[in-house]
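Asker: give me the fold of what follows.
(chains A and B)
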There are 2 protein chains.
Amino acid sequence: MTESTKYLLSDQEIPRYWYNIAADLPKAMPPVLHPATGSPIGPGDLSPLFPMALIAQEVSTEREIEIPEPVLDVYKLWRPSPLYRARQLERVLDTPAKIYYKYEGVSPSGSHKPNTSVAQAFYNKEEGTRRLTTETGAGQWGTSLAFAGGVFGLDVDVYMVKVSYQQKPYRRAAMETYGARCVASPSDETEAGRHILAADPDSTGSLGIAISEAVEMAAQRDDTKYSLGSVLNHVLLHQTVIGLEAIKQMEMAGDEPDILIACTGGGSNFAGLVFPFLARKLKGQGDYRIIATEPTSCPTLTRGVYAYDFGDTAHLTPLLKMQTLGSSFVPPGIHAGGLRYHGMSPLLSHIMNLGLFEAQAFPQLGCFAAGVQFARAEGIIPAPESNHAVKAAIDEALVCKRDGTAKTILFNLSGHGNFDMQAYADYFAGKLIDDVHDEAALATAIGELPKVPAAQIAG
Amino acid sequence: MTESTKYLLSDQEIPRYWYNIAADLPKAMPPVLHPATGSPIGPGDLSPLFPMALIAQEVSTEREIEIPEPVLDVYKLWRPSPLYRARQLERVLDTPAKIYYKYEGVSPSGSHKPNTSVAQAFYNKEEGTRRLTTETGAGQWGTSLAFAGGVFGLDVDVYMVKVSYQQKPYRRAAMETYGARCVASPSDETEAGRHILAADPDSTGSLGIAISEAVEMAAQRDDTKYSLGSVLNHVLLHQTVIGLEAIKQMEMAGDEPDILIACTGGGSNFAGLVFPFLARKLKGQGDYRIIATEPTSCPTLTRGVYAYDFGDTAHLTPLLKMQTLGSSFVPPGIHAGGLRYHGMSPLLSHIMNLGLFEAQAFPQLGCFAAGVQFARAEGIIPAPESNHAVKAAIDEALVCKRDGTAKTILFNLSGHGNFDMQAYADYFAGKLIDDVHDEAALATAIGELPKVPAAQIAG
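Answerer: Okay, here's the model as predicted:
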């Protein structure tokens, strides 16, 4: 037997804290604003939707936030996740590059999402919540919250973007297996949903619309709170177990990455891998080139603007300063449903605008080709979202081959594609195209960005 | 953080050899007979279908058979597989029993099957085979061989039982992702398939029919060989990595199982877990109660007879002495497609008839209920086949609860259910029934067992 291909930690080596990058940023984030007043919002504005523990994490500047024991006990079902050296892929590519990937597909739902759903369900349970509502795109988040709700005895209602609900019926079955209820969005259960359906009965939905529905339901009921699978600071915080583990595992492998890669929808899987490494970079302890990858059909980082916008379509959320395509922008129905969001984590947007990482956009056909190449070499069929990271990693490895350089690449394989086989079937049947967004619709959506009221303070 | 929930070995700790139980049996197996002469078959009879290395393993009595380096290198993509202590399930059941499970769902295809597909593809490649044919029931085996063929550069043609082909379209997409061709069986590509379709154009197929098709295609072409995912000695041999690892992992956990459980279709996942423990039992080093579980709709061990029969429906195979329901028996189209085989591994049948393990049959509704209970506690949604083991493990744990005994149960969770969500959707929609086989058809099938020609020698 020759070299190792994977680096494993025992379940006693799960990180005991999450890493909060807010403690180390050279400049603080712009505030979240109340849309009516333009004033920064406070905990009281968020308390109808979130438990106080999560609101505290949202604004915390403490560097290390302890992971509660009951959360660690559930994490142990799949964490620490493995770090792989992609030796078979390196051989196929004939590249001098070393390719590593952190694999989050070992979780119950098959993605990184349970890292935060378990934490959120725990804090809600602690504060007496009986029911959680949420939205889901590709279905990974809904499945993840369904699982976590089941573990802690909470009811879970999931509003699933209709195009994904139709493309991925088995995701619904998975949510039901975990005991949750799954509803196609837009639905007639909410004002927001009925409003959209009145204007367009054939609406395929969007994450923005589904968020509106889930928020509306939570705001209406005392025993119900809302849970978000990405975008917010506390969500990104919970994902940092990925990078904290990866740092230990790269040490086990005796390597240090030159290039870090992850795909971005709302930003949490990217942040999860990257923030702990970024902490080292900010302290001068490591020099990493960091690449966020996204679809050209929903190019939030590469074509969006950095501005205050609503997080949802119905304009129920506070105003968030973020990279955005405009909340009325509806991306084409690509299979990477988890990347179809008009906005981006405000924290990640801030960090990108501080010049701390770069972004690349890829059309979907090249991403599927990369995913198939990866599957044939490494065995794992990646989620369509994760293919955006696979594509960039392969591209960088081929640059190394061309230039004769031996860089070390680490990417986050955020999930498997077992529930996305219709996408692969469509790809093989030649049914997929390189969807691009409607430029006129993008211009319109950006033109409709909200005017920020005068009372706003400087960021 | 409290107790560990999983016991991991590094990829340097993969067993270096497979364990061959033929070396330790108190009585040798009955011979495989040529159907025309009744004489034991020799290597020459098998060489049109299998490479010589596998034929040698089929008849070997060597205790330890070295795993080739290139096979170990591919095993490292997912092996050693984790051993879990099901602490959350124990809590939910409120049982004094300790429940452990070995989880084979971490493989590329999500089941134990690649343990042998990789080995078989390797030996075929070594001996110049260009193409492999095979059959698949639930699709796990076909996906596994597709993956292995891709890794070693072999073409793979998979004949998939039609009922599963229809129920599990995404399995086909997975096979194509790995580069294989997948055909619904019975097909019009073979004499065997055309014969069945002429008699019953709506045939839902069976493993027996699909085997006939794959064998026929392999026998016709010099560059093509046949690959079987279960039943044969060399297949069971390759699966023993499961039990060899589990012994080490139970030592890590500081426990020794009292009860071993695995489901049986052709017998390989059961043998994989059990044989290395059985070796200890035969040497008086361990006293295990060993339970094979199967569906009541295809009760090969609990209702079949121990007799010479054909392995396939078209009677192209040699005669195998095994537990059988008769080769003309077609079980109901239950979702546990991998358990729908009329026969059973001759080696396993022999060992059962030596009194070394017991068998239990379960209706499917109770198995799904057990699978859902397991998923909500442990996060993993089991394959419908694996649910037959989960059911027995939960039953034994509840016996412990009733009796106040703290037995240690170890079962093989042979695969995940990510590709079987239609089964769960049907279960939740109330569409599943406790299918039972047709008693008259069973009696007829057993009545049609072949007469063994006079030249047969004593077993």
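Asker: from here on, contacts and neighbour counts on C-alpha atoms
Answerer: Fine.
Asker: what about the residue nearest to the spatial centre of chain A, distance to A:Leu356?
Answerer: Closest to where the C-alpha atoms of chain A average out (CA atoms, centre = their mean) is A:Ser268, at 3.8 Å. To A:Leu356, A:Ser268 is 16 Å away according to CA to CA, to the nearest Å.
Asker: same check, this time on A:Ala148
Answerer: For A:Ala148, the distance to A:Leu356 - CA to CA - is 33 Å.
Asker: who's more crowded, the two?
Answerer: A:Ala148 (29 against 16; other CA atoms under 10 Å in any protein chain shown).
Asker: pLDDT score for that one?
Answerer: Per-residue pLDDT puts A:Ala148 at 98.
Asker: spatially nearest residue to it, not counting backbone neighbours?
Answerer: Among residues not flanking A:Ala148 along the chain, A:Val118 sits closest, at 4.8 Å (CA to CA, 6 or more residues apart in numbering or on different chains).
Asker: near chain B, which residues of the stretch 301-450 of chain A? Just list them.
Answerer: Contact residues, the stretch 301-450 of chain A versus chain B (CA under 8 Å from any CA of the partner chain): A:372, A:375-381, A:418-419, A:421-422, A:424-425, A:428.
Asker: residue contacts, whichever residue of the stretch 301-450 of chain A sits closest to chain B?
Answerer: Residue nearest to chain B within the stretch 301-450 of chain A (CA to the nearest CA): A:Gly379, separated by 4.6 Å. By CA atoms under 8 Å, 6 or more residues apart in numbering or on different chains, the contact set of A:Gly379 is B:Leu77, B:Ser107, B:Pro108, B:Ser109, B:Phe147.
Asker: how about the nearest residue to the second one, chain neighbours excluded?
Answerer: The reference is to B:Ser107. Nearest to B:Ser107 is B:Trp78, by CA to CA, 6+ apart, at 5.4 Å.
Asker: for the longest helix anywhere in chain A, buried residues please.
Answerer: Of all segments of type helix in chain A, defined using DSSP state H, the longest is helix A:384-403. Across helix A:384-403, burial judged by 16 or more other CA atoms under 10 Å in any protein chain shown covers A:384-394, A:396-401.
Asker: which is the next helix or strand following it?
Answerer: strand A:408-413 (DSSP states H and E).
Asker: and whichever helix or strand comes after that next one, average pLDDT?
Answerer: Proceeding N to C from strand A:408-413, the next assigned helix or strand is helix A:421-428, under DSSP H and E. Average pLDDT, helix A:421-428: 92.
Asker: same thing with stretch A:54-65?
Answerer: On average, stretch A:54-65 scores 97.
Asker: what's the spacing between the helix or strand of chain A with the lowest mean pLDDT and its chain's center?
Answerer: Every helix and strand in chain A was compared by mean pLDDT, DSSP states H and E; the lowest is helix A:162-167, with a mean of 85. Here the centre of helix A:162-167 is set off from its chain's centre by 19 Å, with CA atoms, centre = their mean, to the nearest Å.
Asker: and it, anywhere near chain B?
Answerer: No. Looking at helix A:162-167 against chain B by CA under 8 Å from any CA, there are no contacts, and the closest approach is 12.0 Å.
Asker: just the buried residues of the helix or strand that comes right after that helix, please?
Answerer: The element immediately downstream of helix A:162-167 (helix or strand, assigned by DSSP H and E) is helix A:169-177. Using 16+ other CA under 10 Å as the test for burial, helix A:169-177 gives A:Tyr170, A:Arg171, A:Arg172, A:Ala173, A:Ala174, A:Met175, A:Glu176, A:Thr177.
Asker: and the residue lying closest to the second one once chain neighbours are set aside, how many neighbours?
Answerer: On the basis of CA to CA, 6+ apart, the spatially nearest residue to A:Arg171 that is not a chain neighbour turns out to be A:Gly139, at 5.8 Å. Neighbours of A:Gly139 under the rule other CA under 10 Å: 28.
Asker: A:Gly139 contacts A:Ser164, correct?
Answerer: Yes. Using CA atoms under 8 Å, A:Gly139 makes contact with A:Ser164 at a distance of 7.2 Å.
Asker: low-confidence stretches in the stretch 101-250 of chain A?
Answerer: In the predicted model, the stretch 101-250 of chain A carries no residue with pLDDT under 70.
Asker: now the helices for it?
Answerer: With helices called from DSSP state H, counting those that start in this stretch, the stretch 101-250 of chain A shows them at A:114-126, A:140-152, A:162-167, A:169-177, A:191-199, A:207-220, A:233-239, A:241-253.
Asker: those helices into a markdown table, with extra columns for distance to A:Arg85?
Answerer: Shown next, in a markdown table, are those (distance: least, CA to CA, whole Å):
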| stretch | distance to A:Arg85 |
| --- | --- |
| helix A:114-126 | 23 |
| helix A:140-152 | 25 |
| helix A:162-167 | 32 |
| helix A:169-177 | 30 |
| helix A:191-199 | 45 |
| helix A:207-220 | 34 |
| helix A:233-239 | 21 |
| helix A:241-253 | 9 |
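Asker: for these, which one ends up most surrounded?
Answerer: Highest mean neighbour count among the helices of the stretch 101-250 of chain A (mean count of other CA atoms under 10 Å in any protein chain shown): helix A:140-152, with a mean of 29.
Asker: what packs against that helix?
Answerer: Secondary-structure packing of helix A:140-152 (3 or more CA pairs under 8 Å, 6 or more residues apart in numbering or on different chains; DSSP states H and E): helix A:114-126, strand A:131-136, strand A:155-161, helix A:169-177, helix B:364-378.
Asker: what does the longest one rub up against?
Answerer: Around helix B:364-378, the neighbours that count as contacts under CA under 8 Å, 6+ apart are A:77, A:147, A:150-151, A:177-179, B:86, B:88-89, B:92, B:295-296, B:334, B:380-382, B:384, B:387-388, B:390-391, B:394, B:424, B:427, B:432-435.
Asker: again with stretch A:323-330
Answerer: If you take CA under 8 Å, 6+ apart as the criterion, stretch A:323-330 is touched by A:206, A:208, A:298-301, A:303-307, A:309-313, A:342-346, A:349, A:441-442, A:445-449.
Asker: show me what the helix or strand containing A:Ile99 is packed against.
Answerer: Assessed by DSSP H and E, A:Ile99 sits inside strand A:98-103. Packing partners of strand A:98-103 (3+ CA pairs under 8 Å, 6+ apart): strand A:83-85, helix A:87-93, helix A:384-403, strand A:408-413.
Asker: so which of these comes closest to B:Pro30?
Answerer: Minimum separation from B:Pro30 across the helices and strands packed on strand A:98-103 (CA to CA) falls at helix A:87-93, 42.3 Å.
Asker: show me what counts as buried in the closest one.
Answerer: Residues of helix A:87-93 classed as buried by neighbour count (16+ other CA under 10 Å): A:Arg87, A:Gln88, A:Leu89, A:Glu90, A:Leu93.
Asker: and it, anywhere near chain B?
Answerer: No. Helix A:87-93 does not reach chain B (CA under 8 Å from any CA); its nearest approach is 8.6 Å.
Asker: CA atoms only: put stretch A:259-278 into CSV for me.
Answerer: Below are the C-alpha coordinates for stretch A:259-278, written out as CSV (Å, rounded to 0.1, in the frame of the first residue of the first chain):
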residue,chain,number,x,y,z
ILE,A,259,-5.3,27.8,-3.4
LEU,A,260,-8.7,27.5,-1.6
ILE,A,261,-11.8,27.0,-3.6
ALA,A,262,-15.5,26.7,-2.7
CYS,A,263,-18.8,27.5,-4.5
THR,A,264,-21.1,30.2,-3.3
GLY,A,265,-24.9,30.4,-3.2
GLY,A,266,-25.6,32.2,0.0
GLY,A,267,-22.0,31.8,1.0
SER,A,268,-22.0,29.4,3.9
ASN,A,269,-20.0,26.5,2.5
PHE,A,270,-17.4,28.9,1.2
ALA,A,271,-17.2,30.7,4.5
GLY,A,272,-17.1,27.3,6.4
LEU,A,273,-13.9,26.2,4.6
VAL,A,274,-12.3,29.6,4.1
PHE,A,275,-12.8,31.7,7.3
PRO,A,276,-10.4,29.7,9.5
PHE,A,277,-7.7,29.9,6.8
LEU,A,278,-8.5,33.6,6.3
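Asker: thanks again, I'm all set now.
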